[in-house]
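Enquirer: pasting the structure only:
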């Protein structure tokens, strides 16, 4: 099978990572690359690390440019995907790296994004219960947010197994690429190097309802989420520290068993051996998630820590993994669990 | 007043920061500098940033070397302070930057440090209720741990005002200097740059009982603490994200009022204006703590985020501030609230 | 003496550093703070590390705002200083952190800056031969560029002593604050962390004629300069590696003797003991320059390496040092040779 | 063809990178992994980014462990390779990532390494004139040093084309992984983050004679090299700024033409379009070298800047590229020119 893929938004960080992964994908041929303000420029000037595509020229993001491909990846600002997908028609596999089709609840969407809800597409986190089946053969994929990827992998097994109370407290650190490539003063290297800072505190971050949606589905009851994202002085990576009160009678053995069972056959989740803890460096550039669980008996809490690469498993890697499923390819085609370290 | 001060452990990070601050202190004259493995070396080779002391030679850490000073700062490995203090006698002000005399509960000490408890000295976090009075005129000071400094400042007002349930969940990121200057592979620059990783997860970090002690005292009831420290790719700084379930009926106004009241007269705590959040870069090298509070109504939790410099307010700055109180000097003598940024 | 100082351009990196240093200056009272796009904002939102000035509000940069001060620091874009200075009149000490008055050769100015030459003011690098005398009592000071500060300190003694051929080859690494606070994509944290890159290669960097001017003056003959600046993944600091062919017959002893003599009485230049090399971390936030010299006999070259803080000694510290001289204050008033490390 | 490969020194940075690349190599099966102090440990604890090998256990480095493989990669301390190679016999392809067999001049070896010279093997920098032919079918490969890889690629075309005087001045910045994984205080994250510092100044770095060897061979006359290495705050990457006086009559067009010709058919060298400059981030994890050339007419110098990943093209990538040639495989088998950025 050779799949012809276009990427809309090829000059940004998400689009660039999609291209990095597609270049290594044996069944994909890279077609049109589009951008808006950067249309007309060579990719070499915009993504200097993608040498094999250095001479490719960005086209404007139009239906014409994107037509005639088997797969179209959208790495666009929120709110633009619905119109593009509509125009591409139902036979093209559209993989949306944006937020537009992630949420099932229209009210949540409107509250957090302030615009009408476009709909809901199959959710591209195959490790979640039921997600894989929904992706098989689908022509539409909503790629999860980077934080919800890490947090949902970290906590769904505890909730699915009924081991944790439905009130999660999550603090996550993200590399700066999660904030995108638009030049803003607080994202300057001078500002972020040597500094940790929070943002979107108090439940206002747009990824919060997505986490609630996933964890509530796993728990079979509404789960509240206190989520604090922080910006860390590194380009990539998310380290999510996820805790919840343990259900009465929990033992550390039960907890570990639930996670071993949940991820026994998952190619991209590594439950670390006891005594070792995740580090974002170990998944740099890789599609793997590293997890470790602990039961803090004195505090009565379950603690699960997950490390992912926000651009890889957290965005482009999850997108390609889901595309593989949708196309009937082996799920790990073209994807790696090998990080670039040190 | 001219105070003659010695520093034991002058080649480490805590000792170096004590010296950096003492050099700027108008009432202090720096006397003996001691070390163990580095005795005989010039300070210029060990602390190249302390130019005015470049030609000073480290002596071995002995009672003879430390005798004859008004103040002795101890920046020694755990367990060594008691013997030194004993030999120096009751008239010398001994400021212990180590953990030996922080805990009031001998069982806690033995559980977390594995050795007999040496005792309890007045606790060098003047902002805590009652702490300042205990420091006045004291000849012994136990400098708090860096994490407990950030966390206690962040949460004691909520507990003292009865606004939070006694179960705190804390995730903190620390710069690597918190792990000291001993060369260990996981602290190499190659390992830590670009990486976030947790350690001491599940209530096993030695600073946990110290936080519990401080928060329980503020609350007037036992507070449980789930504490997860993480190592961040920066030399200095702690960002502590501290949350607790809100007591029924809490309002955001009550919460903010409690913090405004708690820190109204504190020279080294800056409660940020609403809408701004702390960043470790803003307190780099400074003795200030930056704080912000939020009430996440959907999750029902109080969130307080504190940023400090782990070596300054978190260690050496807190030590000098407490020394000033003990000596009857103005509390801010020689200390700055100005960070070095960007 | 109490000197009232205004700072124009108080929201940028140079202006912020001037303020950081003035806050610690015992003879200075900080008056008006001005900005352009940020006028009307509180300084706390723009320079969150300057706690004592958090509530000060930026005024627009006008003659009215700047009038009535003893000293006015200009941290403005190139080309704006002449008009402001003119309006302030001849009795106010104007310290220009910009480039406008650094070059003596109008043709050089026009070639590198593309506008008419405004003139030449006394040059604020007191360590250069003759510079101190020109600054005494002056009402105008041209603060040197950050690279020329490091490079001129590194090489003028070799040229003044006739030890090096008049063809210097210089490669310098700068922290990102040297590129300013304007948000540009290539200065994003995501781009600069983990990366070294050159810019302005081939003699086109605007600091090149300034270096040539200083080194030629020291040598008494025209010195050519091959200068390559590189951007390093750190907020502050310049490490300048400066080499030149040795004059015939040079010995390592002669070389060292020339540097020892040149800096014997300089409070802000530390010629390191043999065997130690400069590091930018050691001068972080300090007004000191660290230097070391070597004679590579096999290659026949003199190598001098200098480390400074580009914002401190390289800009604001040099400005305050020169202001002290101009005002007749002790040269080191309010300035420190103590770095913040690690 | 399936090639069975062993790696001696699998717990270090060079060994880990060899494994990362071999895991992606379609013709290689990974056999024995050996270490010394880490023998008996699982690789997952030592190289947590190599998930597919997490459960492999390190054996001690013995002839027995390494026997029975088609290829043996040696990532050992200097001086140990000769004995191992001897014992493995002449039919095994031995790829030495260490320095032992790089130099052709025994006196140079003894001067810089202080031990008897072991000999000279075909040199694994295929882009050098004649190097590829020497590697074809060879059973021994000396992998170049990381700095000499960058510097030789940067300057050999200028020397081979007779465009530069035989006195090169080189300043290079390296990521910290170049200093290895042994825990030393000056390599701690606390020390290196935020700091640039030189080392091995004045011609004493062991890579100097290797550069001289390569450049002199290209020039057909002895080339002197002034080489200053600096440590940069990043895990990986080398940026080498290489300059030499231009031969009389040089034009920018001649210079560029020489480089275009030299690298026209090289799969791993990207001569950037005019106006763009290399950055180490663009080659992070990739086997590519990025180069740009300039002729600084005012200073009369050729300037060539090269960026490589010190562990990839600078060590393990060069090793695999050379192995491919020696085995008769397509040279780029299993190697990538795609960097991981941002």
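Expert: All right, it came through fine. As the structure is a computational prediction, the values presented were derived from the model and not from experiment. Numbers count the residues shown, from 1 in each chain, chains lettered A, B, ... in the order given.

Enquirer: so which other helices or strands are in contact with the helix or strand containing residue A:33?
Expert: Assigned by DSSP states H and E, residue A:33 belongs to strand A:28-35. Using 3 or more CB pairs under 8 Å, 6 or more residues apart in numbering or on different chains; DSSP states H and E as the contact definition, the elements that strand A:28-35 packs against are strand A:3-8, helix A:13-23, strand A:59-60, helix A:63-66. Backbone N, C-alpha and C define where each C-beta goes, glycine included.

Enquirer: sheet partners, orientation included, of that strand?
Expert: Each strand that pairs with strand A:28-35, with its direction, by DSSP bridges: strand A:3-8 (parallel), strand A:59-60 (parallel).

Enquirer: and the next helix or strand past that strand?
Expert: As assigned by DSSP H and E, the chain's next helix or strand after strand A:28-35 is helix A:43-46.

Enquirer: what's the average pLDDT for that next one?
Expert: Helix A:43-46 shows a mean pLDDT of 97.

Enquirer: chain center to it: distance?
Expert: 25 Å (CA atoms, centre = their mean, to the nearest Å).

Enquirer: wait, residue A:309 sits on residue A:335?
Expert: No - the pair residue A:309 and residue A:335 fails to qualify as a contact (CB atoms under 8 Å) at a distance of 11.7 Å.

Enquirer: please say which of the two ends up with more neighbours.
Expert: Here residue A:309 and residue A:335 are set side by side on neighbour count (other CB atoms under 10 Å in any protein chain shown), and the busier one is residue A:309, at 31 against 23.

Enquirer: show me what contacts that one?
Expert: For residue A:309, the set of contacting residues under the criterion of CB atoms under 8 Å, 6 or more residues apart in numbering or on different chains consists of A:236-238, A:280, A:283-287, A:317, A:339.

Enquirer: among these, which are located in strands?
Expert: In strands, judged by DSSP state E, the following of the contacts of residue A:309 are found: residue A:238.

Enquirer: among the contacts of residue A:309, who's most crowded?
Expert: Using other CB under 10 Å as the neighbour test, those are led by residue A:283, with 36 neighbours.

Enquirer: and it, what does it touch?
Expert: Residue A:283 makes contact with A:237, A:289-290, A:307-309, A:312-313, A:339, D:49, according to CB under 8 Å, 6+ apart.

Enquirer: quick one, longest strand in chain A?
Expert: Max-length strand for chain A by DSSP E is strand A:164-174.

Enquirer: give me the element residue A:245 is part of.
Expert: Using DSSP H and E, residue A:245 sits in strand A:238-246.

Enquirer: still on that earlier bit, now check the very next helix or strand once past the longest strand of chain A, is it near chain B?
Expert: Under the assignment DSSP H and E, the closest C-terminal helix or strand after strand A:164-174 is helix A:189-192. Yes - on the criterion CB under 8 Å from any CB of the partner chain, helix A:189-192 is in touch with chain B at A:190-191.

Enquirer: give the rounded mean pLDDT of helix A:189-192.
Expert: 98.

Enquirer: now the end-to-end length of stretch A:90-107.
Expert: Distances were taken as CA to CA, to the nearest Å; on that basis the terminal residues of stretch A:90-107 are 26 Å apart.

Enquirer: same question for stretch A:219-236.
Expert: With CA to CA applied, stretch A:219-236 spans 30 Å between its terminal residues.

Enquirer: mutual contacts of residue A:309 and residue A:335, please.
Expert: Any residue near both residue A:309 and residue A:335 by CB under 8 Å, 6+ apart counts here, and that gives A:287, A:317.

Enquirer: could you save the strands paired with strand A:28-35 as TSV and add columns showing mean pLDDT?
Expert: Listed next are these as TSV, based on pLDDT from 0 to 100:
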stretch	mean pLDDT
strand A:3-8	98
strand A:59-60	98
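
Enquirer: please identify the most buried of those strands.
Expert: Among the strands paired with strand A:28-35, the stretch with the highest mean neighbour count (mean count of other CB atoms under 10 Å in any protein chain shown) is strand A:3-8, at a mean of 23.

Enquirer: list the contacts for residue A:247?
Expert: Residues counted as contacts of residue A:247 (CB under 8 Å, 6+ apart) are A:162-165.

Enquirer: mind giving me the PyMOL select for those residues, buried ones only?
Expert: Selecting just the buried residues from the contacts of residue A:247 in PyMOL takes one command, with 16 or more other CB atoms under 10 Å in any protein chain shown as the test:
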select buried, chain A and resi 163+164+165
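
Enquirer: if we can go back for a sec, buried residues in the strand holding residue A:33?
Expert: Burial within strand A:28-35, assessed by neighbour count using 16+ other CB under 10 Å, is assigned to A:28, A:30-35.

Enquirer: can you count the residues close to the closest residue to chain D within the stretch 1-150 of chain A?
Expert: Proximity to chain D, evaluated over the stretch 1-150 of chain A using CB to the nearest CB, is greatest for residue A:49 at 3.3 Å. Look at residue A:49: counted by other CB under 10 Å, it has 25 neighbours.

Enquirer: which bits of the stretch 201-342 of chain A sit near chain B?
Expert: A:201-203, A:224-228, A:230, A:232-237, A:239, A:241, A:243, A:245, A:277-282, A:284, A:292, A:294-301, A:303, A:305, A:307, A:342.

Enquirer: for residue A:292, phi and psi?
Expert: phi -140, psi 150 (degrees, to the nearest 10).

Enquirer: partners of it in the sheet?
Expert: Where residue A:292 sits in a bridge, its partners, by DSSP bridges, are residue A:305.

Enquirer: what's the local residue count around it?
Expert: Taking other CB under 10 Å as the definition, residue A:292 ends up with a neighbour count of 24.

Enquirer: can you check residue A:276 too?
Expert: Residue A:276 is flanked by 16 other residues according to other CB under 10 Å.

Enquirer: so what's it scoring on pLDDT?
Expert: 97.

Enquirer: check residue A:79 too.
Expert: According to the prediction, residue A:79 has pLDDT 89.

Enquirer: what about the closest residue to residue A:61 other than its chain neighbours, distance to residue A:260?
Expert: If you skip the residues right next to it in sequence, residue A:61 has residue A:34 as its closest partner in space, 4.1 Å away by CB to CB, 6 or more residues apart in numbering or on different chains. Residue A:34 sits 44 Å away from residue A:260 when distances are taken as CB to CB, to the nearest Å.

Enquirer: how about residue A:152?
Expert: 18 Å.

Enquirer: among the two, which residue is more densely surrounded?
Expert: Neighbours were tallied for residue A:152 and for residue A:260 using other CB under 10 Å; the higher tally belongs to residue A:152 (27 against 12).

Enquirer: ok, the more buried one touching residue A:125?
Expert: Yes - A contact is recorded between residue A:152 and residue A:125 when judged using CB under 8 Å, the distance being 6.0 Å.

Enquirer: which residues are common contacts for these two?
Expert: Each of A:144, A:214 lies in contact with both residue A:152 and residue A:125 under the rule CB under 8 Å, 6+ apart.

Enquirer: just give me the longest helix of chain A.
Expert: Secondary structure assigned by DSSP state H gives helix A:146-160 as the longest helix of chain A.

Enquirer: next, the angle from that one to helix A:13-23.
Expert: Helix A:146-160 and helix A:13-23 are oriented at 80 degrees to each other (axes from the mean of the first three to the mean of the last three CA atoms, to 10 degrees).
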